[in-house]
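Peer 1: structure, please.
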Amino acid sequence: MIALLLAQTLVISGATVYPVSRPKLERATVIIKDGRITAVGTHVAAPANATRIDATGMWVTPGFIDGAGQLGLTEIGNVSGTNDAGVKSDTVAAAFNVLEAINPASTLIPITRMAGVLTTLATPETGLIRGQAVLIDLDGTTVEAMLVRSPAAMVVEISEQTKDLSGGSRASSAARLRQILDDAQEFRTRRADWSRAQLHPLAASAADLTALAPVLRAELPLVVIANRRSDLETALRIAQTYRLKLVLASAAEGWQIADRIARARVPVLIQPLDNIPSYDELSPRLDNAALLAKAGVRVALLEPDTHNARNLRQQAGNAVANGMPWDGALRAVTLTPAEIFGVANRYGSLDSGKVANVVVWSGDPFEFSTRVTHVFIRGKEIPLTSRQTELLERYRKLPPEY
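Peer 2: The predicted structure is shown next:
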C-alpha cells in the first residue's frame, strides 16, 4: 500500500508557490512523483492520471527545518525514563550518536509536523562535547525510515554551565577543548603507537578522539553553543586554529561581532525571541537575527524548546517583526539550515529532483492565524492528527453526567 502511495503522481495547483531558491510564483503548480518534486512552475502540464489538490488562494513552501531540540529523544522533561539525549556520566562524549535513542512513536512528532516543521536536527545535550546530532524527517516507524543524515554535526557547548565541568573557568573549558583536539590530531597519525601503549595519556577515549576526526578534516560541522561575546570569540579562534567548519548556535550576543562572524563565513543558528539577560548573555536583542543577516551572516532560525518546536514559524514571524526580511526568514527555516547541515542538494527548496517535503498553508505561514492544510513528507500526505486532536475530539462532547 505504501509503495502505491509513493508511486502516485500528485499535483498541487493554483497556489502562490515559494520555491525559496527563486522568486515566488503566482498561480503555480507543483508536481510530486515517487517522493520527489518533478516540476514547479506556472506553465506545467499535469499528468492526466494524477491526484489533484486545488490550492487556489493558498501558499506552498518547502517543509521547515529546525536546527535544534531533542525531538524523538525526550518526552516528559522531568521524567528521566523518557529522556535519552545525553551521556550524563561524561563531559566528553564525541562518540555518542543520538540516532538509536530516537523514538519514532514520540507524541511530540505529529504535533510538530502539523505546524509545518518536517525535518529537525535531533541534538545531544549535557557536556562540553555533547556528541553527534542527526537530521531526521518527522515521519516513519523506524529510525532508518526517518534518517536524513547521521551524523549531521558534532555539538559542543561553551558557557557558564560547561565551565564548571572543566575546572570552573571558561579559560579551562577552552584549554580542555584545545587539548582534546590536539590529542585527536595526534591520535590520527600515531594510532599504532597508542595500540602499543607508546603514546602519552590522552585527554579523551580512543572512541571520542576517533569520532572527532571528521571534524578536524572539516567534513563534519562543529556546532558550538555559546552566547557571551567572549565565548563566541573563543569559538572563532579555535575554529581558525584547527580550520574547522564552525557553526555558532544560540549566539545571543552575536550582533556585537556580526562583522567578524561574517568575515569568518560562519553560519549562525538563532532563537530570535531570546532577549532576557542573564550572566551568560548580558546583551541579548530581539533584532539579533536581523543584525547578523544585515552584516552578511548566513542565519538559520530555530526553536530550542523541544516541546514547542511547532512554534518555529512564530520565531520566524517575530524575526520579521524585528527587522529580518520576510524572504530571508523563510530561507532561514528552509534552505539555509539545509545548506548548513549538508543536505541542500535534497532539501530546503521546491526544485525538481528534491525530496518532496512540502507544506500547503491557508496564507502567510508567519501569520498567527494561518493554518496548515496539507503536509507531505517524502511525497506522502501526512494526516493532520495528533494526540492533541484526538483528545479534542474525544472530549468535544461530554456525556450528560459531566
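
Peer 1: from here on, just use CA atoms for contacts and neighbour counts.
Peer 2: Will do.

Peer 1: walk me through the domains of this protein.
Peer 2: Domain assignment of the chain by automatic domain parsing yields the ranges 1-63+348-402, 64-345.

Peer 1: need these in JSON lines with mean neighbour count, can you?
Peer 2: Listed next are the domains of the chain as JSON lines, based on neighbours: other C-alpha atoms under 10 Å:
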{"stretch": "domain 1-63+348-402", "mean neighbour count": "18"}
{"stretch": "domain 64-345", "mean neighbour count": "20"}
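
Peer 1: which stretch in those has the least confidence?
Peer 2: Comparing mean pLDDT over the domains of the chain, the weakest stretch is domain 1-63+348-402, at a mean of 91.

Peer 1: leaving out the residues flanking it, which one is nearest to Ser362?
Peer 2: Residue nearest to Ser362 in three dimensions, not counting chain neighbours: Met58, with 4.9 Å by C-alpha to C-alpha, 6 or more residues apart in numbering.

Peer 1: for the one you found, give me its contacts.
Peer 2: For Met58, the contacting residues are Gly14, Ala15, Thr16, Val360, Trp361, Ser362, Gly363, by C-alpha atoms under 8 Å, 6 or more residues apart in numbering.

Peer 1: just the residues you listed: which are in strands?
Peer 2: Per DSSP state E, strands hold the following members of the contacts of Met58: Gly14, Ala15, Thr16, Val360, Trp361.

Peer 1: let's have these in CSV, adding distance to Val320.
Peer 2: Putting those into CSV (distance: C-alpha to C-alpha, whole Å) gives the following:
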residue, distance to Val320
Gly14, 26
Ala15, 23
Thr16, 20
Val360, 21
Trp361, 18
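
Peer 1: quick check, nearest of those to Val98?
Peer 2: In terms of C-alpha to C-alpha, no member of these lies closer to Val98 than Val360, at 31.0 Å.

Peer 1: from Thr336, how far out is the closest one?
Peer 2: 20 Å (C-alpha to C-alpha, to the nearest Å).

Peer 1: please apply the same query to Pro47.
Peer 2: Relative to Thr336, Pro47 is positioned 32 Å away (criterion: C-alpha to C-alpha).

Peer 1: equivalent analysis for Gly296, please.
Peer 2: Taking C-alpha to C-alpha as the measure, Gly296 falls 13 Å from Thr336.

Peer 1: so Arg113 makes contact with Arg310?
Peer 2: Yes. Between Arg113 and Arg310 there is a contact under C-alpha atoms under 8 Å: 7.2 Å.

Peer 1: pull the longest helix from this protein.
Peer 2: helix 170-189 (DSSP state H).

Peer 1: chain center to it: distance?
Peer 2: 27 Å (C-alpha atoms, centre = their mean, to the nearest Å).

Peer 1: what does it contact?
Peer 2: In this structure, residues lying in contact with helix 170-189 by C-alpha under 8 Å, 6+ apart are 128, 158-160, 162-163, 165-167, 194, 202-204, 206, 209-210, 212-213, 216, 231, 234, 238.

Peer 1: which other residues reach whichever helix or strand comes after that helix?
Peer 2: Following helix 170-189 in sequence order, the next helix or strand is helix 191-195 (DSSP states H and E). The set of residues that contact helix 191-195 without belonging to it, under C-alpha under 8 Å, 6+ apart, is Phe187, Leu199.

Peer 1: may I have helix 191-195 exported as CSV, CA atoms only?
Peer 2: As requested, the backbone C-alpha atoms of helix 191-195 are provided in CSV (Å, rounded to 0.1, in the frame of the first residue of the first chain):
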residue,chain,number,x,y,z
ARG,A,191,47.2,5.2,16.4
ALA,A,192,49.7,2.3,16.0
ASP,A,193,51.8,3.9,18.8
TRP,A,194,48.7,4.2,21.0
SER,A,195,47.9,0.5,20.5
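
Peer 1: that helix: what's the following helix or strand?
Peer 2: Counting by DSSP H and E, the next helix or strand C-terminal to helix 191-195 is helix 206-211.

Peer 1: name the helices or strands packed onto that next one?
Peer 2: When contacts are defined as 3 or more C-alpha pairs under 8 Å, 6 or more residues apart in numbering; DSSP states H and E, helix 206-211 sits against helix 170-189.

Peer 1: got the CA coordinates for the helix it packs on in PDB?
Peer 2: Extracted C-alpha coordinates of helix 170-189, given in PDB (Å, rounded to 0.1, in the frame of the first residue of the first chain):
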ATOM      1  CA  ARG A 170      35.800  29.500  30.800                       C
ATOM      2  CA  ALA A 171      39.500  29.500  30.100                       C
ATOM      3  CA  SER A 172      39.900  26.000  31.500                       C
ATOM      4  CA  SER A 173      37.000  24.800  29.200                       C
ATOM      5  CA  ALA A 174      38.700  26.300  26.200                       C
ATOM      6  CA  ALA A 175      42.000  24.800  27.200                       C
ATOM      7  CA  ARG A 176      40.500  21.400  27.600                       C
ATOM      8  CA  LEU A 177      38.700  21.600  24.300                       C
ATOM      9  CA  ARG A 178      42.000  22.500  22.600                       C
ATOM     10  CA  GLN A 179      43.800  19.700  24.300                       C
ATOM     11  CA  ILE A 180      41.200  17.200  23.100                       C
ATOM     12  CA  LEU A 181      41.500  18.500  19.500                       C
ATOM     13  CA  ASP A 182      45.300  18.300  19.800                       C
ATOM     14  CA  ASP A 183      45.100  14.700  21.000                       C
ATOM     15  CA  ALA A 184      42.600  13.900  18.300                       C
ATOM     16  CA  GLN A 185      45.100  15.200  15.700                       C
ATOM     17  CA  GLU A 186      47.900  13.200  17.200                       C
ATOM     18  CA  PHE A 187      45.800  10.100  17.600                       C
ATOM     19  CA  ARG A 188      45.100  10.100  13.900                       C
ATOM     20  CA  THR A 189      48.800   9.900  13.000                       C
END
